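K.L.:
Next comes the sequence, and after it the predicted model I'd like to discuss.
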Amino acid sequence: MTQQFACSIKRIRFDENYRPADSTRLTTNFANLARGERREENLRKTLRMINNRFNALAHCDNPTADRYSVEVDIISANMDIEGNGDAFPVIEMLQTTIVDHKENKRIDGMIGNSFSSYVRDYDFSVVLLEHFNKHPNTKAPEDFGDLHGKLFQYLLNSDAYQDNFNKLPVICLSVSTSKTYHRTTNEHPVLGVEYKQDEYSLTDEYFHKMGLTVRYFMPKDSAAPLAFYFAGDLTSDYSDLELISTISTMETFQKIYRPEIYNANSTAAQVYQPSLKYQDYSLTQVVYDREERSQMAVKQGKFTEEQFIKPYQDILHTWAANYTPEESAA
């Protein structure tokens, strides 16, 4: 039996009153939106966009397009490596709850959606950067993402996760600008038209080490496909409303964060390569500092190296060498 780490879950409501906690990973979309003079206006508009998109997709028995609203909670998963109460915020995700105003009831939405990780920042902004500086024109190291993947699977197996959530997460991200996607004839009633690519991106491979498979779908009236990372069966393990909650939430963030792709004025072609250099797109009315986000990834990666990787290096190395996802976590 390998060493046990203590996992804990914290949540905070993402609404117009949301203020980022000091410990939150500031590179995330939702924390970036919640600062500055237009903080409350940003948050209100973002939530309105989510609700409008949800009602557009959940149109059955919804003639005035206002039957549903979506509540969003930021989920922080913390891990105490030495059992001394000093927990490190390893993973952040979002959980949605659907409010059905017609039936006056609350329905569980999706856990996952966005994905933020200090260790992923460290891997991509420190480890990968150093590797390519030393070895240009090579692939990522063979063990790239191994530790992060095992930490993620350990969290999913933990009592803390399973006591709070009854399904595995679905992560919904932007497609890669380095790959080409091909439209298929497969169409899901909620997820939309499926796209496929010939080669996985580095992000796809990274999430694979987390135990997640990827499929790409372009929902109705979307400008581009989204990447859905999941364990199990994406199309049968989740209800239509759960899937809609993910699409409406994450497409909204992508329209704000990557308008060149997700708020483009034309939809993705049959053969599609995303580009952040595309000029024919519309801006949302939400202020978002994309430059700050990219800079913060490097800062957070170095912070992780100093506060998590180096202090616990020997423990993490030994643990990762022996851990298998089948083991249960404390």
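P.N.:
Sure thing, it's come through. Residues are numbered from 1 along each chain as shown.
K.L.:
show me where this structure has strands.
P.N.:
With DSSP state E, the ranges of strands along the chain come out as 6-14, 68-80, 87-100, 105-117, 170-174, 181-188, 192-197, 213-218, 226-230, 271-272.
K.L.:
Show me what the second one packs onto, helices and strands only.
P.N.:
Based on contacts counted as 3 or more Cβ pairs under 8 Å, 6 or more residues apart in numbering; DSSP states H and E, the elements that strand 68-80 packs against are strand 6-14, helix 39-57, strand 87-100, helix 146-157, helix 159-164, helix 240-257. Every residue, glycine included, has its C-beta placed from N, CA and C.
K.L.:
Now the third one: buried residues?
P.N.:
By neighbour count, with 16 or more other Cβ atoms under 10 Å as the criterion, the buried positions of strand 87-100 are 87-99.
K.L.:
sorry, back to before: turn the strands of the chain into JSON lines, including mean pLDDT and distance to S245.
P.N.:
JSON lines is the format used below for the strands of the chain (pLDDT from 0 to 100; distance: least, Cβ to Cβ, whole Å):
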{"stretch": "strand 6-14", "mean pLDDT": "91", "distance to S245": "13"}
{"stretch": "strand 68-80", "mean pLDDT": "94", "distance to S245": "6"}
{"stretch": "strand 87-100", "mean pLDDT": "94", "distance to S245": "4"}
{"stretch": "strand 105-117", "mean pLDDT": "95", "distance to S245": "4"}
{"stretch": "strand 170-174", "mean pLDDT": "97", "distance to S245": "10"}
{"stretch": "strand 181-188", "mean pLDDT": "98", "distance to S245": "15"}
{"stretch": "strand 192-197", "mean pLDDT": "97", "distance to S245": "15"}
{"stretch": "strand 213-218", "mean pLDDT": "97", "distance to S245": "15"}
{"stretch": "strand 226-230", "mean pLDDT": "98", "distance to S245": "13"}
{"stretch": "strand 271-272", "mean pLDDT": "97", "distance to S245": "25"}
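K.L.:
Dump these into JSON lines; add distance to Y206 as well.
P.N.:
Listed next are those as JSON lines, based on distance: least, Cβ to Cβ, whole Å:
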{"stretch": "strand 6-14", "distance to Y206": "21"}
{"stretch": "strand 68-80", "distance to Y206": "18"}
{"stretch": "strand 87-100", "distance to Y206": "14"}
{"stretch": "strand 105-117", "distance to Y206": "10"}
{"stretch": "strand 170-174", "distance to Y206": "11"}
{"stretch": "strand 181-188", "distance to Y206": "18"}
{"stretch": "strand 192-197", "distance to Y206": "16"}
{"stretch": "strand 213-218", "distance to Y206": "10"}
{"stretch": "strand 226-230", "distance to Y206": "10"}
{"stretch": "strand 271-272", "distance to Y206": "22"}
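K.L.:
Let me have the buried residues of strand 87-100 in TSV, extended by distance to E187.
P.N.:
Formatted as TSV, the buried residues of strand 87-100 follow (distance: Cβ to Cβ, whole Å):
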residue	distance to E187
A87	44
F88	42
P89	39
V90	37
I91	32
E92	32
M93	28
L94	26
Q95	28
T96	24
T97	28
I98	24
V99	29
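K.L.:
Which members of the residues you listed are the farthest-apart pair?
P.N.:
Largest separation among the buried residues of strand 87-100 by Cβ to Cβ: F88 and V99, giving 33.5 Å.
K.L.:
my read: F132 touches T138, true?
P.N.:
Yes: assessed by Cβ atoms under 8 Å, F132 is found in contact with T138 at 7.3 Å.
K.L.:
which residues are common contacts for the two?
P.N.:
Shared contacts of F132 and T138 (Cβ atoms under 8 Å, 6 or more residues apart in numbering): none.
K.L.:
shaky segments in the stretch 201-330 of the chain?
P.N.:
288-294, 326-330 (pLDDT under 70).
K.L.:
do that again at 90, thanks
P.N.:
Scanning the stretch 201-330 of the chain for pLDDT under 90 picks out 256-257, 283-301, 324-330.
K.L.:
list the contacts for N113?
P.N.:
So N113 contacts 93-96, 169-172, 245-246, 249-250 (Cβ under 8 Å, 6+ apart).
K.L.:
likewise Y206?
P.N.:
120, 123, 144-145, 148-149.
K.L.:
And for D66?
P.N.:
Here D66 is in contact with 55, 101 (Cβ under 8 Å, 6+ apart).
K.L.:
Tell me the spacing between it and N55.
P.N.:
6 Å (Cβ to Cβ, to the nearest Å).
K.L.:
ditto for I74
P.N.:
From I74 to N55 the distance is 23 Å (Cβ to Cβ).
K.L.:
Looking at the two, which is more packed in?
P.N.:
The residue with more neighbours, out of I74 and N55, is I74; 22 against 19, by other Cβ atoms under 10 Å.
K.L.:
For that one, name its beta-bridge partners.
P.N.:
I12, L94 (DSSP bridges).
K.L.:
ok, it touching R11?
P.N.:
Yes: with contact defined as Cβ under 8 Å, I74 reaches R11; the gap is 6.6 Å.
K.L.:
P141 touches F132, doesn't it?
P.N.:
No: contact criterion Cβ under 8 Å: P141 and F132 do not qualify, at 10.1 Å.
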